[in-house]
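# Have a look at this prediction, sequence included:
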Amino acid sequence: MPFTVPDAPDFGEAAPIEASPETLAFLARRRSASALTLTTPAPTEGELATLLRLATRVPDHGKLFPWRFVVLQGEAKARFIAGLEAIAQSRADGDRLIAKLGKIKAPPLTLAVISRAPKAGEIPEWEQRLSAGAVCMTLIIAAQAMGYGANWITDWYAYDERARTLLGLEPHERVAGFVHLGACKDTPLERVRPEVEALVTEWKG
Ligand SMILES: Cc1cc2nc3c(=O)[nH]c(=O)nc-3n(C[C@H](O)[C@H](O)[C@H](O)COP(=O)(O)O)c2cc1C
C-alpha cells in the first residue's frame, strides 16, 4: 500500500467530525467497475485486512455486528466456482446460469458479505440487513480509494439453495453481496444517474 491508513481510535477516544474535501471529490466521481474487467493484482493480504477493518465501521443498530465475510480467492475460489457450475448444470436453464459465472471467474478476489440476523429481538431484522448493505458499500468505497476496481453483485448463486449451502450459510443468513475486487483493466464509463430533484420531496405537513 503506497499510503498508510490510520488505526481506529481507541474505545472512548475523541473522533472529531472534520471536513474531507478529498472524500467529497472522490464520491462525486466514484464508479463501480464491471467484474468482467477485474484482474490481477488483487489487494494484498495487508490491504485485505485493512479493507475488512474499514468495511466494518458502519452504523449498526444495537451493536450486533450482523454480518460476516467469506473470502474467496485462489484454488479454493476455483473449487467454489466449479461447485456452482455443477449446480447450474443440474438446473433447466443451466447454460444461462453458467454464462453468468464470468463475473465471479474474472476477479482475483471476491468477498461474500453475509448478512446475519439471528435474533428476533429488539432490533428489527430489516435494520440488521441494511447494516450489511452499508458494509458492502463501505467496502467498495475503501477498495476504490485504494485504487482497485470493485463490483457489488448478487446474481443467482446468492439465492440458489445449494449455492448457499456450498458457501456455508446458516438458515438465518443471506448474501448481501459478492464484492469482487481487483485491478481494473478497462476504465469504467459513467452510467445513467437519476435526476435527484425528482426523488426528493419536502414534508410540509
Ligand atoms: C444488492 C445489489 C445487487 C446487485 N447485483 C447485481 C448483479 O447480480 N448483476 C449485475 O450486473 N449488477 C448487480 N448490481 C449492480 C452493480 O453493483 C452495478 O455495477 C452498480 O450499480 C454500478 O453502479 P456505481 O458505478 O454507481 O457503483 C447489484 C447492486 C446491488 C446494490
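It's in.

# What is the longest strand anywhere in the chain packed up against?
When the chain is parsed with DSSP state E, its longest strand is strand 173-184. When contacts are defined as 3 or more CB pairs under 8 Å, 6 or more residues apart in numbering; DSSP states H and E, strand 173-184 packs onto strand 38-39, helix 102-105, strand 109-116, helix 125-145, strand 149-153, helix 161-167. The way it works is simple: take the backbone N, C-alpha and C, and place the C-beta from them, glycine included.

# Could you rerun that using 10 Å?
The contact analysis (3 or more CB pairs under 10 Å, 6 or more residues apart in numbering; DSSP states H and E) places strand 173-184 against strand 38-39, helix 45-55, strand 67-73, helix 102-105, strand 109-116, helix 125-145, strand 149-153, helix 161-167.

# Would you format these as JSON lines with mean pLDDT, distance to L27 and mean neighbour count included?
What follows is the helices and strands packed on strand 173-184, written out as JSON lines (pLDDT from 0 to 100; distance: least, CB to CB, whole Å; neighbours: other CB atoms under 10 Å):
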{"stretch": "strand 38-39", "mean pLDDT": "98", "distance to L27": "21", "mean neighbour count": "20"}
{"stretch": "helix 45-55", "mean pLDDT": "98", "distance to L27": "15", "mean neighbour count": "17"}
{"stretch": "strand 67-73", "mean pLDDT": "98", "distance to L27": "22", "mean neighbour count": "17"}
{"stretch": "helix 102-105", "mean pLDDT": "98", "distance to L27": "24", "mean neighbour count": "16"}
{"stretch": "strand 109-116", "mean pLDDT": "98", "distance to L27": "20", "mean neighbour count": "23"}
{"stretch": "helix 125-145", "mean pLDDT": "97", "distance to L27": "8", "mean neighbour count": "20"}
{"stretch": "strand 149-153", "mean pLDDT": "98", "distance to L27": "14", "mean neighbour count": "23"}
{"stretch": "helix 161-167", "mean pLDDT": "98", "distance to L27": "31", "mean neighbour count": "16"}
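
# any chance of these in JSON lines, plus distance to the ligand?
JSON lines is the format used below for the helices and strands packed on strand 173-184 (distance: least, CB to the nearest ligand atom, whole Å):
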{"stretch": "strand 38-39", "distance to the ligand": "12"}
{"stretch": "helix 45-55", "distance to the ligand": "15"}
{"stretch": "strand 67-73", "distance to the ligand": "14"}
{"stretch": "helix 102-105", "distance to the ligand": "7"}
{"stretch": "strand 109-116", "distance to the ligand": "10"}
{"stretch": "helix 125-145", "distance to the ligand": "7"}
{"stretch": "strand 149-153", "distance to the ligand": "4"}
{"stretch": "helix 161-167", "distance to the ligand": "13"}
